[in-house]
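> below are the sequence and a predicted model; questions follow.
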Amino acid sequence: MLSTVVPIAIGAFAFALVLNLLRLLKGPSLPDRVLALDTLYVNSVALLLLIGIQFKTMLFFEAALVIALLGFVGTVCVSKYISRGDIVE
């Protein structure tokens with residue numbers, strides 16, 4: 001069952017990444033683009049985890065962890081920049 005569900009989920013998350021990229025490029029406002037960027041990294045982490053399950057390797061799990069950490073820090077920095085106009089006080 002897992003061998004049939006994982007490729008379908010990989011395709012769904014790949015399609016979600018394309019939609020996120022379109023919203024990031026076309027977003028009507030800056031907060032929409034920030035949310036699209038946040039969703040983009042969350043979906044990429046999920047996609048990497050699914051690929052790691054598919055190929056049965058731990059390398060993709062480590063890459064997903066790095067992307068999750070960098071995505072969180074990036075979201076915090078962009079949010080502070082939008083709200084205050086400066087990242088470091």
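On my side now, so go ahead. Residues are numbered from 1 along each chain as shown.
> this protein: helices as residue ranges?
2-26, 30-55, 59-84 (DSSP state H).
> could you look over these and pick the most buried one?
Among those, helix 30-55 has the highest mean neighbour count (mean count of other C-beta atoms under 10 Å), at a mean of 17. For glycine as for every other residue, the C-beta is placed from the backbone atoms N, C-alpha and C.
> tell me the mean pLDDT over that helix?
Here helix 30-55 scores 93 as its mean pLDDT.
> got the angle between that helix and helix 2-26?
160 degrees (axes from the mean of the first three to the mean of the last three C-alpha atoms, to 10 degrees).
> what angle separates helix 30-55 from helix 59-84?
170 degrees.
> for helix 30-55, name the packing helices and strands.
helix 2-26, helix 59-84 (3 or more C-beta pairs under 8 Å, 6 or more residues apart in numbering; DSSP states H and E).
> lowest-confidence stretch among the ones you listed?
helix 59-84 (a mean of 90).
> which helices and strands does that helix pack with?
helix 30-55.
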